[in-house]
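Participant: sequence unknown, structure follows:
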């Protein structure tokens, strides 16, 4: 499949506008692989912001594409459930990982109790303690990069750094840390799109993860409480008696949450600055804009394209009648390009006003628990990058990105770059 480096909603693909509105299915993984989905979402925002798709590879569902309507769903968890028993948080009904109980796929009060168990790892005081480690890791990784030759940014930087951070948060055996990104990719991959051929294969990989993590759980349970995620789950009364399925679900959640969002924003920020040379020059002239650029890159990238809810009762949303049991997909990737909520949303503007006004971390009770850690990792990475290569476009994208064929993880399989001396 041809990989497109840039697709602008102002020049829509003919298929997005030639297809009858009732037949539009923005969940098609091919749209995300070739980066044409923005055209579909632009049309839906204009013509049918709450849109019913009767037939897709993932069953019937509602697409919620405007910022205000997504906020309506996010702020009414009593109507729009995240519970895994109702369908969970992704469009995939049959995914063995998505169907597991985990705190993001729970409604209050269980969600609130379990979320509080792991939140200390990303509390401000712990992030301050982690600052030196977070800076040391990218410094070493960047110093090892080749100069004046092409290399894959995804594997050499993004996967490398996020896997190291995950290993630190889990106090995971360092020599086996590559397993963390492998389990994350296996949990979220679309069947038949390269990595996973069947749900049986996915289930087998998840069981390998379960066995490894259960061994760590037993070790931590019989030791003094530590400051890592496994120890926190093992020693807290609210989680120590979890079922094996619930433990695996929460482990997968924490792995994916700590891997995909940061990893793909690390890559997305490089691509966005290369596609917007004026913004790269602005950043090089004033590196104090790095925190603002990071927020804009996270909006621009939107590393998780959607979250799913299931209606617990009949409701009206955007003038449409949602029925009890209906699958409701909040397309963050569309809400982050909503012209009514964000000024010039199709432009990458690193010093825009209200730069943190975006949906990439979700909103309400399910807002990403690790959002500050993600921002911290990205900020430090770019601070270290500019220490070494301070000139505009010194990190140059030299090939079209290969994108993940998934309507959930909006990410990259590879991005070839070259650093000029």
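Facilitator: Right, received. Where do you want to start? It should be emphasised that the depicted structure is a prediction, and the values quoted were computed from it without experimental measurement.
Participant: Contacts only, for residue 189.
Facilitator: 195-196, 202, 406 (C-beta atoms under 8 Å, 6 or more residues apart in numbering). For the C-beta atoms, the positions are set from N, CA and C on the backbone; glycine is no exception.
Participant: the helices in the stretch 101-250 of the chain, which residues?
Facilitator: With DSSP state H, counting those that start in this stretch as the criterion, the stretch 101-250 of the chain has helices at 110-118, 124-143, 153, 160-170, 178-188, 199-221, 229-235, 244-275.
Participant: Including distance to residue 380, mean neighbour count and mean pLDDT, could those go into a markdown table?
Facilitator: Output for the helices of the stretch 101-250 of the chain, formatted as a markdown table (distance: least, C-beta to C-beta, whole Å; neighbours: other C-beta atoms under 10 Å; pLDDT from 0 to 100):
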| stretch | distance to residue 380 | mean neighbour count | mean pLDDT |
| --- | --- | --- | --- |
| helix 110-118 | 22 | 17 | 75 |
| helix 124-143 | 5 | 14 | 87 |
| helix 153 | 17 | 24 | 97 |
| helix 160-170 | 10 | 22 | 89 |
| helix 178-188 | 20 | 22 | 89 |
| helix 199-221 | 27 | 16 | 91 |
| helix 229-235 | 21 | 21 | 87 |
| helix 244-275 | 11 | 24 | 89 |
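Participant: JSON lines for those, including distance to residue 363?
Facilitator: Formatted as JSON lines, the helices of the stretch 101-250 of the chain follow (distance: least, C-beta to C-beta, whole Å):
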{"stretch": "helix 110-118", "distance to residue 363": "14"}
{"stretch": "helix 124-143", "distance to residue 363": "21"}
{"stretch": "helix 153", "distance to residue 363": "30"}
{"stretch": "helix 160-170", "distance to residue 363": "24"}
{"stretch": "helix 178-188", "distance to residue 363": "21"}
{"stretch": "helix 199-221", "distance to residue 363": "29"}
{"stretch": "helix 229-235", "distance to residue 363": "24"}
{"stretch": "helix 244-275", "distance to residue 363": "15"}
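Participant: Hmm, residue 338 and residue 45 touching each other?
Facilitator: Yes: counting by C-beta atoms under 8 Å, residue 338 is a contact partner of residue 45 at 6.2 Å.
Participant: out of the contacts of residue 189, what pair is the most spread apart?
Facilitator: Distances among the contacts of residue 189 were taken as C-beta to C-beta; the most separated pair is 202 and 406, at 13.3 Å.
Participant: residues touching residue 49, list them.
Facilitator: Residue 49 sits next to 64-66, 69, 318 when contact means C-beta under 8 Å, 6+ apart.
Participant: Need the overlap of contacts for residue 45 and residue 338.
Facilitator: Common neighbours of residue 45 and residue 338 (C-beta under 8 Å, 6+ apart) are 65-66.
Participant: starting at the chain centroid, how far to stretch 183-195?
Facilitator: On the basis of C-alpha atoms, centre = their mean, to the nearest Å, stretch 183-195 sits 14 Å off its chain's mean C-alpha point.
Participant: Same question for stretch 305-324.
Facilitator: Stretch 305-324 has its C-alpha centroid displaced from the chain centroid by 22 Å (C-alpha atoms, centre = their mean).
Participant: Give me the buried stretch members for that stretch, please.
Facilitator: By 16 or more other C-beta atoms under 10 Å, the buried positions in stretch 305-324 come out as 305-312, 315, 317-318, 320, 322.
Participant: Out of those, name the ones that lie in strands.
Facilitator: Using DSSP state E, the subset of the buried residues of stretch 305-324 located in strands is 306-311, 315, 317, 320, 322.
Participant: Which single one of those is nearest to residue 395?
Facilitator: Closest to residue 395, out of all of these and judged by C-beta to C-beta, is residue 306, at 29.9 Å.
Participant: Need phi/psi at residue 48.
Facilitator: When read as degrees, to the nearest 10, the backbone of residue 48 gives phi -160, psi 70.
Participant: that older thread, looking at the ones in strands among the buried residues of stretch 305-324, which one is closest to residue 300?
Facilitator: Of these, the one sitting nearest to residue 300 (C-beta to C-beta) turns out to be residue 306, at 16.4 Å.
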